[in-house]
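Participant: All I have is the shape, not the residue letters:
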């Protein structure tokens with residue numbers, strides 16, 4: 001359900017522990033990596049015999065992987081030439097071993113300290129280029145000669161297939177950003193796990209199709225030193241309870257949406273749609289009595305619970321709701337709740353009483369930022385769903401001044417989410433392209449989706465209702481958050497096929513949820529029948 005996304009430092013620790021703690025030889029890990037890279041090339045290109053392959057081997061361990069892969073390509077009948085960027089005598093240990101082995105079996109090698117067009121012109125134009133210049137240990141600005149090597153690979157890539165070994169050279173394995181240039185690969189083979197930088201939106205233009213391949217890191221190493229981050233995988237849909245042919249509406253969860261204010265009655269309706277399309281058996285909107293008729297007219301399938309009189313929230317409405325709480329399996333508090341002064345007292349009174357698991361969204365988050373002591377009323381069954389602006393307010397309420405990137409860049413959003421919940425009981429969904437779900441003691445989980453169709457008013461209300469429906473069906477907070485993000489994100493991708501230039505409505509996100517779920521199930525069935533598809537990601 002979750003794939004590890006180690007930082008380069010964490011990946012290096014896995015390698016060291018495997019070698020120093022468990023006795024695996026680095027030569028063996030390189031051999032495993034090169035064979036997995038060969039399998040990826042077979043998947044991408046089919047028959048390799050007769051292809052002209054140009055292999056670029058850099059100065060570090062990534063060069064060793066490239067030497068071993070060159071040998072395998074040679075054995076497959078490809079016409080291989082290796083260009084290495086430091087003298088052969090300078091390659092030591094595992095990299096030197098694989099260079100010597102490649103030479104012994106007849107692989108032609110050529111040392112060039114700098115790209116030399118005259119020397120390269122004597123070689124046949126490649127069908128295949130292997131980028132083994134720099135690995136995930138690279139960080140900081142590129143040294144003087146490396147931008148020229150990267151430019152050469154990209155130039156050759158105009159007519160050849162480019163495979164990046166572990167990471168496109170020049171790409172920062174932590175941030176996913178070029179430094180300042182990077183190889184634009186057609187495919188990347190990531191060894192053992194995708195490094196966090198490869199999974200971030202900044203890397204999308206460089207990585208191509210990403211294939212994740214094991215190289216023999218012991219499972220115990222991963223269990224003893226888990227990564228800081230992970231990615232939500234398609235198997236998350238297995239958390240969803242399968243519907244029974246004999247089920248009735250009372251077995252699918254009753255969700256209470258608490259919201260609606262003057263001019264804001266659409267938000268609770270969109271949340272209700274998200275809950276219904278997410279499979280909730282019953283959905284009720286609780287609102288001031290003066291708004292009930294307006295809300296009820298929007299969606300006939302939604303029930304209303306009128307509270308007292310008028311069109312404003314009052315603190316005593318929490319008591320009325322308290323007497324009704326036993327009827328509901330989950331709450332969604334905040335869509336369209338409004339910011340009238342007395343609403344804060346209502347939120348305080350409601351959160352302090354006995355209640356089912358809750359999704360806290362929109363204006364509820366506003367009141368939490370204005371009255372941070374309300375955070376003390378939250379529980380392990382609760383989920384907060386801020387967008388970047390709401391997250392900024394929550395951080396500022398704690399007298400923490402977030403950095404400029406704290407809620408806009410994907411890596412910083414991961415770090416921000418993890419830090420915010422580190423000593424708190426609840427789960428956090430930090431929304432945005434590649435949304436994040438986090439709770440204390442677990443790696444922060446990255447959604448794999450960035451869908452422009454979701455960048456519309458009301459999309460967050462639909463998500464809140466969807467997550468509320470999952471809580472109502474018995475999922476605990478973190479699985480509900482992760483499944484909700486994955487399902488909602490894929491719905492946005494699916495909707496983008498009909499509206500490639502956006503223009504869709506938030507309600508359409510809700511309505512496409514059942515179709516998105518069916519596609520996800522179909523893809524899951526395909527993965528069970530096609531093991532190869534489990535190792536790659538679009």
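Facilitator: Cool, got the structure. These numbers come from a predicted model, not from an experiment.
Participant: Tell me which stretches of the stretch 201-350 of the chain form helices.
Facilitator: 204-207, 219-224, 266-277, 289-296, 317-322, 343-351 (DSSP state H, counting those that start in this stretch).
Participant: of all those, which gets the most neighbours per residue?
Facilitator: Counting by mean count of other CB atoms under 10 Å, helix 266-277 has the highest mean neighbour count of the helices of the stretch 201-350 of the chain, with a mean of 30. C-beta here means a position set from N, CA and C on the backbone, and glycine is covered the same way.
Participant: by contact count, what packs against that helix?
Facilitator: Identification of packing neighbours for helix 266-277 by 3 or more CB pairs under 8 Å, 6 or more residues apart in numbering; DSSP states H and E yields strand 254-258, strand 282-288, helix 459-472, helix 506-511, helix 513-529.
Participant: follow-up on the earlier one: using a markdown table, please lay out the helices of the stretch 201-350 of the chain together with mean pLDDT.
Facilitator: Formatted as a markdown table, these follow (pLDDT from 0 to 100):
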| stretch | mean pLDDT |
| --- | --- |
| helix 204-207 | 96 |
| helix 219-224 | 94 |
| helix 266-277 | 97 |
| helix 289-296 | 92 |
| helix 317-322 | 95 |
| helix 343-351 | 96 |
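Participant: Among the ones you listed, which comes closest to residue 442?
Facilitator: Within these, the stretch nearest residue 442 is helix 219-224; the backing value is 13.7 Å (CB to CB).
Participant: circling back to that earlier point, would you turn the helices of the stretch 201-350 of the chain into TSV with distance to residue 148?
Facilitator: As requested, the helices of the stretch 201-350 of the chain are exported to TSV (distance: least, CB to CB, whole Å):
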stretch	distance to residue 148
helix 204-207	18
helix 219-224	37
helix 266-277	52
helix 289-296	64
helix 317-322	67
helix 343-351	60
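Participant: how about these, which one is nearest residue 433?
Facilitator: helix 204-207 (10.3 Å).
Participant: what's the single longest helix in this structure?
Facilitator: Scanning the chain for the longest helix, with DSSP state H as the assignment, gives helix 477-498.
Participant: I'd like to know which elements it is packed against.
Facilitator: Counting by 3+ CB pairs under 8 Å, 6+ apart, helix 477-498 packs on strand 229-232, strand 383-384, strand 427-430, strand 436-438, strand 444-446, helix 459-472, helix 506-511, helix 513-529.
Participant: Mind doing that once more with 7 Å?
Facilitator: strand 229-232, strand 383-384, strand 427-430, strand 436-438, helix 459-472, helix 506-511, helix 513-529 (3 or more CB pairs under 7 Å, 6 or more residues apart in numbering; DSSP states H and E).
Participant: Need those in JSON lines (columns: mean neighbour count, mean pLDDT and distance to residue 133).
Facilitator: Converted to JSON lines, the helices and strands packed on helix 477-498 look like this (neighbours: other CB atoms under 10 Å; pLDDT from 0 to 100; distance: least, CB to CB, whole Å):
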{"stretch": "strand 229-232", "mean neighbour count": "24", "mean pLDDT": "97", "distance to residue 133": "26"}
{"stretch": "strand 383-384", "mean neighbour count": "28", "mean pLDDT": "98", "distance to residue 133": "43"}
{"stretch": "strand 427-430", "mean neighbour count": "28", "mean pLDDT": "98", "distance to residue 133": "35"}
{"stretch": "strand 436-438", "mean neighbour count": "28", "mean pLDDT": "98", "distance to residue 133": "32"}
{"stretch": "helix 459-472", "mean neighbour count": "31", "mean pLDDT": "98", "distance to residue 133": "41"}
{"stretch": "helix 506-511", "mean neighbour count": "22", "mean pLDDT": "98", "distance to residue 133": "43"}
{"stretch": "helix 513-529", "mean neighbour count": "14", "mean pLDDT": "91", "distance to residue 133": "33"}
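Participant: pLDDT score for residue 152?
Facilitator: As predicted, residue 152 sits at a pLDDT of 95.
Participant: if I pick it, what's in contact with it?
Facilitator: Listed by CB atoms under 7 Å, 6 or more residues apart in numbering, the contact set of residue 152 reads residue 115.
Participant: try 8 Å
Facilitator: Residue 152 makes contacts with 115, 120, as judged by CB atoms under 8 Å, 6 or more residues apart in numbering.
Participant: Would you format the helices and strands packed on helix 266-277 as a markdown table with distance to residue 127 included?
Facilitator: Compiled in a markdown table, those are given as follows (distance: least, CB to CB, whole Å):
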| stretch | distance to residue 127 |
| --- | --- |
| strand 254-258 | 56 |
| strand 282-288 | 57 |
| helix 459-472 | 44 |
| helix 506-511 | 43 |
| helix 513-529 | 30 |
